[in-house]
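**Q** Provided below are the primary sequence and the corresponding predicted coordinates.
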Amino acid sequence: MQFDLSDLRLFVAVAEERKLTRAAARQHLSLAAASARVRGLEEQAGLPLLLREPRGMRLTPAGEAFLHHARAILRQVENLRADLQEYGGGLRGHLRIFANTTAVSDILPAILPRVLAGNPRINVEIQEKPNADIARGVLEGRADIGIVSSRVDTLGLEAVHFSTDQLVLATAAGHRFARRKRVEFAEVLDEDLIGMYAGSTLQSFLTEVSEALGKPMQVRVRVNSFDAVCRIVATGVGVGVVPESAARRNQASLGIAIVELADPWRVRERYALVRDTAGLPAAGLALLDALRGYDPRSPAPVSARGRRK
């Protein structure tokens, strides 16, 4: 069997979009041309790869197997192209990372400068995703590396543990919880909260927990970093749930109090997920090494304007 790479890309697009029209548009093909190419793939395979249904297209078991190999072939072609580009002086490759809120706001800004300095011809794409979607994205080849926290189904991927942190409650020094050693999250829900932006993985998780408790969160202010949560908490307008590493980093300068959460989900084990360590490009291996050496107590990077990112 001989398959054209453009046909493999089209098949992957059909599998992801579930609609031939959207897949054709994504690959810049007419609907008729896309349909003919898909039929040609099935003829070469000698098996139906897709089921045509009123709501779209669905993979057959043979189609699932074909998709796995198509992604693997395209990934290898991309790695080959990247290696050859090294000799042409251009970008050597593209590293795709799916990560949760903590990784996007704290971990990756701390380690990426060193990784990029050692790999000057690599560009990096980071997407924030819920933990469950991160594992699926790595498995399906949409990301090279995923960074997740806590208990998540790794779907058979290699999981590299690199850090342990826990969620804590940050309050102003004069808050009624400041003298407590431990507090239940259910008690926190009676307070005004300073939270992350809607859609962040941590905020979505806390929303699920509050809904399970039957007490909706009262989010007074939403910001885009844990450092910003701590700064606003210090003014006394609300309390915030943040990783302990972020709270400790800001405690001395802001004078905030740190109170342990009693809930078992507070402990967050951090893992990097990969399909196959041996198949990672050099920049991916460098990122794994940097994650293993990550120190959550390190200060967050400072932007050109002098503000912590």
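**A** Everything's here; your move. Source: prediction; values computed, not measured. Numbers count the residues shown, from 1 in each chain.
**Q** Can you show me the strands along the protein?
**A** In the chain, the strands defined using DSSP state E lie at 50-53, 56-59, 93-99, 122-128, 145-149, 158-171, 182-183, 192-196, 218-223, 240-243, 257-261, 267-274.
**Q** so which of those strands gets nearest residue 3?
**A** Ranking those by proximity to residue 3 (CB to CB) places strand 50-53 first, at 15.2 Å. Every residue, glycine included, has its C-beta placed from N, CA and C.
**Q** Show me which residues of that closest one are buried.
**A** The neighbour-count check on strand 50-53 (16 or more other CB atoms under 10 Å) flags residue 50 as buried.
**Q** what comes into contact with that strand?
**A** 14, 38, 42, 57-60, 63 (CB atoms under 8 Å, 6 or more residues apart in numbering).
**Q** Give me the sheet partners of it and which way each runs.
**A** strand 56-59 (antiparallel) (DSSP bridges).
**Q** what is the mean pLDDT for the strand it pairs with?
**A** Mean per-residue pLDDT for strand 56-59: 91.
**Q** For residue 251, which non-adjacent residue is closest in space?
**A** residue 258 (6.2 Å; CB to CB, 6 or more residues apart in numbering).
**Q** Tell me what the one you found is bridged to.
**A** Note on residue 258: beta-bridge partners residue 170, judged by DSSP bridges.
**Q** So it sits against residue 248, correct?
**A** Yes: counting by CB atoms under 8 Å, residue 248 is a contact partner of residue 258 at 7.0 Å.
**Q** Quick one: neighbours of residue 283, just the number.
**A** Neighbour count of residue 283, defined by other CB atoms under 10 Å: 23.
**Q** ok, now which ones touch it?
**A** 92-93, 95, 115, 119, 122, 124.
**Q** Could you rerun that using 6 Å?
**A** 95, 119, 122 (CB atoms under 6 Å, 6 or more residues apart in numbering).
**Q** try residue 291
**A** Applying CB under 6 Å, 6+ apart, we find residue 291 in contact with 162, 272.
**Q** do that again at 8 Å, thanks
**A** Here residue 291 is in contact with 107, 111, 147, 160, 162-163, 272 (CB under 8 Å, 6+ apart).
**Q** follow-up on the earlier one: quick check: the gap between the residue nearest to residue 251 and residue 105.
**A** 18 Å (CB to CB, to the nearest Å).
**Q** again with residue 124
**A** Taking CB to CB as the measure, residue 124 falls 16 Å from residue 105.
**Q** same thing with residue 93?
**A** 25 Å.
**Q** Tell me which of the two has more neighbours.
**A** It is residue 105, of residue 93 and residue 105, that has more neighbours when counted by other CB under 10 Å, with 24 against 21.
**Q** okay, the strands of the chain in TSV with distance to residue 137 next?
**A** Listed next are these as TSV, based on distance: least, CB to CB, whole Å:
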stretch	distance to residue 137
strand 50-53	22
strand 56-59	17
strand 93-99	5
strand 122-128	8
strand 145-149	6
strand 158-171	15
strand 182-183	35
strand 192-196	21
strand 218-223	25
strand 240-243	22
strand 257-261	29
strand 267-274	9
